[in-house]
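[1] Model the structure of this input:
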Amino acid sequence: MTLASLFDLGAAQSWNAPLVLLLIKTTLILVAALGITLAMQRASAGARHLVWLVTLVALLLIPALTAWAPLRLEILPAPPQKSAVAPSITGAPTSAGAARSGVSGEGVAPLPSLVPVSYGATVAPEASAASTGGVMSALRGASLWSIALGTWAIIAAAILLSLTWSSLVVRRLVRRSRPLDDQSWMTPLWEVSDRMGLDEPPRLLLSHDAKMPFACGLATPTIVLPAECESWSQERRLAVLLHELAHVRRRDLAGHTLGRLVCAVYWFHPLVWTAARKLRDESERACDDLALSCGTRATDYAEHLLDIVTSVRRETTPMVALAMARRKEFEGRMLAILDPELRHSTPSRRQSATLIGALALISVLVGAATPAPASARQSATWKPAAPDTARGAIVIASPAVNDSVQANLDVANDAPRRVHVQQRLHERVEQRTNTSVSTVVSTATSNAIDSSAERAGKALGGLVSAVVETVVPRAVSTGLDAGARALHMTAQDLMKNAPKGSKAADDRPVLLAKVLRSDTSAALRRVAAWGLAEYADQSVASDALVAAVRRDANESVREMAAWSLGEGSPSSGVVEALSAALKDANVKVRRTAAWSLGQMGDKGSVDVLVAALSDADADVRARAVWALGEVGPKQAPKQLVAMLSDKDEHVRELTAWALYEIEDPSTAPALQAALKAETNQELQLKYIRALAALGESSVDAIRPLLESSDTRVRTMAVHALAGGHAAGPWPHPWPQPRPFP
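    From the prediction side, this is the model:
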């Protein structure tokens, strides 16, 4: 069945056309999204998730776009021009004198109507039967519409009711849970929140009813963990928190709820359920990618995920919550996590803005477009250009006949044929004045212009085809490019000119600085130092924090002040205070000071960080190594290269990362020697990755690795030879937890 026949059917049954149009638009958008995501299989999961999210939002807007801003797209064939034939009417005939009185020798006077009205007229039995059949057909159509609407409403209400019930189950489960607020949980929670860039961490609860970790709560994000979490190792706690806080950071709960609502509205469309499932799958993989980008090893993360999934035989997480893993989607996630060829990065703001703009423009065009028949010119009355006939001008007043006559005479391009038609029409009217004028006119026009109408119809069909094949695609393509560019430029302007928040008139930094300087309670001074991190760029805050780092008697206050200074911009006073803190008697203060210097990335801190490499505490050494990688000196200090032989594995790993960032070719021999002496296979791969960043200087060290029996070593070696960063981005390490008050 063609598109034209579908809409002809819709015209016959008025309830059918909107549903057909809605189904076509929904299917087009879903098929387009499916094609786009299939073409993006090597792209990041975050980009594919964005495609499905915009698609589901567009499905909710399609009905409003169609009703509010329809764009007529004339792609259907033009309706055939039918002659206006008057219905058969019985009654008293009109007198010849009365008929002739309306026609003079100079012309034909306007007739009030082409259908003579006869008092006492009766409707023919055929007309009565047709009318009765139309009424019955309309009743049947209304009944079908009522049944369809009722069925849709019942099923949609059932789906919404199940969502409501699931929300109540989650609320009851949260109320029966207890908070996890001890130090062993709050430290990794704040650490992961800091990595994710969250201002405030979500609530962390323990539930004896839950079997699988999950995130819930649109207004108040909450993470619920099963009772078995108390026996988890520190690494597993970090892995679980990374994944669940990734959901909070990405606001996947809102997208998940949106997908459920769209399924309730379009429950009859199988592709909508597929889109909602794809949205959830891609959100889980995007969270895995975000966890890996925060420094988690892919193998360790996959192992924790496998243990959690296999430990739960029957997963009963409510549908409105986001469980950490489900058995039916587990295999694909594991393959994606362990595949080194896949991109695990998140789309940038520019990429997101461009993708959203293009998809939104496509959705608006498809949602607002309304197929319509090719329009023909119509007029209320028809008059020839000039009274160039002997009989004079003809004026026909009936709109029904005027449309037909005008449309047919317009397609007659030559003047002689137009004159011929006018003469024949006038002669027929004068000769058969005792018959129905409408019958005469319709017969004359039908006989006179059939061939011209046929030629015009063919020409119009060719014109429509040309427009659809060339003009419309070109216009859509041009509109997409212009819309994407405009949206991208607008997003950039908004991000560039976005207000940073006016703190000049804010008294909080002054009050907090006063508390930090003079309050007798160490706990309150620590809270004040934590709050001043938000204002670390202001002199009133930085001066108070510098004084606290140098002179406060409590080590926890000095630690918090050192951390808050890392949130601001580097200055001579700040760098000097943090450099002095690297020699503090308290190891936590030294760790935090090293991290803050790396966070600011000031080149002037290289010497003090190199001195910190000899610290007795492994965590201080590790953070000093990381800070040097963040600062990025032109040449790697020899003390940093020597850390490749440090007794602590974490220090050696961060040293490889720092050398990878600095890209000093002179470090190739040291990396080659460390690679030969290293027994940890994971560290060997990191050394190869660091060698890959050195370019041709690393060829001699990489050549023997091509003969390795380990597939991963050979793969990494080939990537290293292919290019400096062919092995992909190095997950950014984050060795410093965020202190909390």
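[2] can we go C-alpha only for contacts and neighbour counts from here?
    Will do.
[3] Domain ranges for the protein, per the record?
    The chain breaks down into these domains under automatic domain parsing: 3-43+52-78+364-373, 156-344, 377-497.
[4] Which of the ones you listed comes out lowest on mean pLDDT?
    Here the lowest mean pLDDT among the domains of the chain goes to domain 377-497, at a mean of 45.
[5] Quick one: name whatever helix or strand follows the host helix or strand of Leu609.
    Assigning secondary structure by DSSP states H and E places Leu609 in helix 606-612. Sequence order places helix 618-631 as the next helix or strand after helix 606-612, per DSSP H and E.
[6] So what does Glu616 look like in phi/psi?
    Quick fix: residue 616 reads Ala, not Glu. Dihedral pair for Ala616: phi -70, psi -20, per degrees, to the nearest 10.
[7] Next one: it from Arg591, what distance?
    Using CA to CA, to the nearest Å, one gets 12 Å for the distance from Ala616 to Arg591.
[8] Same drill for those two, tell me which one is more crowded.
    Each of Ala616 and Arg591 has its neighbours counted (other CA atoms under 10 Å); Arg591 has more, 27 against 10.
[9] so that one, which of the three states?
    What DSSP: H, G, I helix; E, B strand; the rest coil gives for Arg591 is helix.
[10] now Ala215
    strand.
[11] What's the local residue count around it?
    Per other CA under 10 Å, the neighbour tally for Ala215 reads 26.
[12] can you check Thr711 too?
    Thr711 is flanked by 11 other residues according to other CA under 10 Å.
[13] Just the pLDDT for it.
    According to the model, Thr711 scores 81 on pLDDT.
[14] any idea how far it is from Leu705?
    10 Å.
[15] before we move on, what about Val713?
    Val713 sits 7 Å away from Leu705, taking CA to CA as the criterion.
[16] Equivalent analysis for Ser571, please.
    46 Å.
[17] Of those two, which one has the most company?
    When Ser571 is set against Leu705 and neighbours are counted by other CA under 10 Å, the residue ahead is Leu705, at 17 against 14.
[18] Test my guess that Arg249 contacts Asp194.
    No - checked against CA atoms under 8 Å, the pair Arg249 and Asp194 is beyond contact range at 11.1 Å.
[19] Quote the end-to-end distance of stretch 240-259.
    Stretch 240-259 end-to-end distance (CA to CA) = 24 Å.
[20] Contacts for it next, please.
    Stretch 240-259 is contacted from outside by 53, 56-57, 188-189, 192-193, 196-198, 202, 213-218, 221, 223, 276, 279-280, 283, 287-288, 290-291, 320-322, 324, using CA atoms under 8 Å, 6 or more residues apart in numbering.
[21] Go again with 6 Å.
    In this structure, residues lying in contact with stretch 240-259 by CA atoms under 6 Å, 6 or more residues apart in numbering are 276, 287, 291.
[22] Now flag whichever of the residues you listed is closest to Leu149.
    If you rank the contacts of stretch 240-259 by distance to Leu149 using CA to CA, Ala276 comes first, at 23.3 Å.
[23] and that closest one, how many neighbours does it have?
    Neighbours around Ala276, by other CA under 10 Å: 23.
[24] Which parts of the protein are strands?
    Assigned by DSSP state E, the strands in the chain fall at 71-76, 103-104, 107-108, 178-179, 203-207, 214-216, 222-226, 322-323, 369-373.
[25] shaky segments in the stretch 601-741 of the chain?
    723-741 (pLDDT under 70).
[26] buried sites along stretch 532-548?
    For stretch 532-548, burial by neighbour count (16 or more other CA atoms under 10 Å) applies to 532-538, 540-548.
[27] So which of these belong to helices?
    Residues from those lying in helices, with DSSP state H as the criterion: 540-548.
[28] Between the residues you listed, which sits nearest Phe268?
    Nearest to Phe268, judged by CA to CA, of these is Ala541 at 59.4 Å.
[29] Let me see the contact set for that closest one.
    509, 532.
[30] any idea how far it is from Met600?
    16 Å.
[31] and if you look at Ala275?
    43 Å.
[32] more neighbours, these two?
    Using other CA under 10 Å, the more surrounded residue of Ala275 and Met600 is Ala275, with 23 against 20.
[33] Could you pull up the contacting residues of that one?
    By CA under 6 Å, 6+ apart, Ala275 has no neighbours at all.
[34] Make 17 the first number, not 1, from now on.
    Sure, I'll start counting at 17 from here, so that last one is Ala291.
[35] And it, how far from Asp297?
    10 Å.
[36] now swap in Val556 and tell me
    As judged by CA to CA, Val556 and Asp297 stand 48 Å apart.
[37] Just to check, Val573 is in contact with Arg542?
    Yes - between Val573 and Arg542 there is a contact under CA atoms under 6 Å: 4.7 Å.
[38] so Val667 touches Val636, yeah?
    No - Val667 is beyond contact range of Val636, at 9.5 Å (criterion: CA under 6 Å).
[39] out of these two, which sits in the busier spot?
    A count of neighbours by other CA under 10 Å puts Val636 above the other of Val667 and Val636, at 27 against 24.
[40] ok, and the closest non-adjacent residue to the more buried one?
    Arg607 (4.8 Å; CA to CA, 6 or more residues apart in numbering).
[41] and the one you found, what pLDDT?
    For Arg607, the model assigns a pLDDT of 92.
[42] wait, isn't it in contact with Arg637?
    No - using CA under 6 Å, Arg607 makes no contact with Arg637, being 8.3 Å away.
[43] What residues does Asn240 make contact with?
    I think there's a mix-up here, since residue 240 is Val and not Asn. Counting by CA under 6 Å, 6+ apart, Val240 makes contact with 221-222, 229-230.
[44] Could I get these in JSON lines, plus columns for neighbour count?
    Converted to JSON lines, these look like this (neighbours: other CA atoms under 10 Å):
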{"residue": "Leu221", "neighbour count": "20"}
{"residue": "Leu222", "neighbour count": "22"}
{"residue": "Pro229", "neighbour count": "25"}
{"residue": "Phe230", "neighbour count": "22"}
